[in-house]
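Next come a sequence and a model predicted from it.
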Amino acid sequence: MDQGDSEHWERTIIKRYCKVTDGSHFSPETMDSGFPYVSVKDIGNNEIDLDNCKRISEEDFEKLSKNGCQPKPGDVLLTKDGTIGRAAVPQGINPFVVLSSLGILTPTHNLKAKFLYYYLISRVNNDQMYSTIHGSALTRLTIDKINNLQDYNPPLPEQHSITSYLDHKTALIDELVENHPKNSPAPGTTHRPHQSSRHQRPRPFRTHER
């Protein structure tokens, strides 16, 4: 995407088009079975591992849910403690709650969740996030820092076109990786798809600062 394509985009900050909160600031007791409790380690780029995340009791789950720690479809999760810059858009009906190491971004009607996701994982934004914690002993983004991240807000039709294009390119990459000979099952074994893919995905927003 060249600079000319984005000259008319509104340059703004996250808090103008998102409500930003985070997950639980206390760690409930975990158990072998129960309700999903998601942290940074369970988030890949647009992947949420509900199979291998920790589990908590129904009582703790309900408590955290009432305290705003349960993301909704249409929210965007952002890893903000320890490892920063991975993001995911919750989909489906499987309920889960999150730890405070994850930011919960709820876009307004003027910002598509998937467009926000692609912006959050872009090189432009990753460079920006790391610049805000430069010199800090801890790799941690506060809610205030997330609120004040610079953002680009194209018109909604362009957001839709961009996300459709990137979804298509990402699907092609996933298919190529899945069909690569190195990922073929060994003779006598059954192929199992990876829980999370670590290959490079298309990243938009290569706009240069002016």
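Sure, I can see it. Numbering: from 1, shown residues only.

State the distance from the residue most central in space within the chain to Leu78.
By Cα atoms, centre = their mean, the mean C-alpha position of the chain lies nearest to Ala87, the distance being 1.3 Å. Computed as Cβ to Cβ, to the nearest Å, the Ala87 to Leu78 distance reads 5 Å. Bear in mind the C-beta positions are built from the backbone N, C-alpha and C, glycine included.

what's the overlap in contacts for these two?
Leu120 (Cβ atoms under 8 Å, 6 or more residues apart in numbering).

roughly how far apart are the closest residue to Leu111 other than its chain neighbours and Thr142?
Spatial nearest neighbour of Leu111, chain neighbours left out: Tyr17 (4.3 Å); criterion: Cβ to Cβ, 6 or more residues apart in numbering. From Tyr17 across to Thr142, the span is 19 Å (Cβ to Cβ).

which of the two has more neighbours?
Higher neighbour count among Tyr17 and Thr142: Tyr17, with 18 against 15, using other Cβ atoms under 10 Å.

what residues are up against the more buried one?
Pro107, Thr108, Asn110, Leu111, Asp151, Asn153.

Quick check: longest helix in this structure by residues?
Determined from DSSP state H, the single longest helix within the chain is helix 156-178.

Please report the number of neighbouring residues for Glu58.
9.

any idea where the helices of this structure begin and end?
Using DSSP H, helices in the chain cover 58-66, 113-120, 123-132, 143-147, 156-178.
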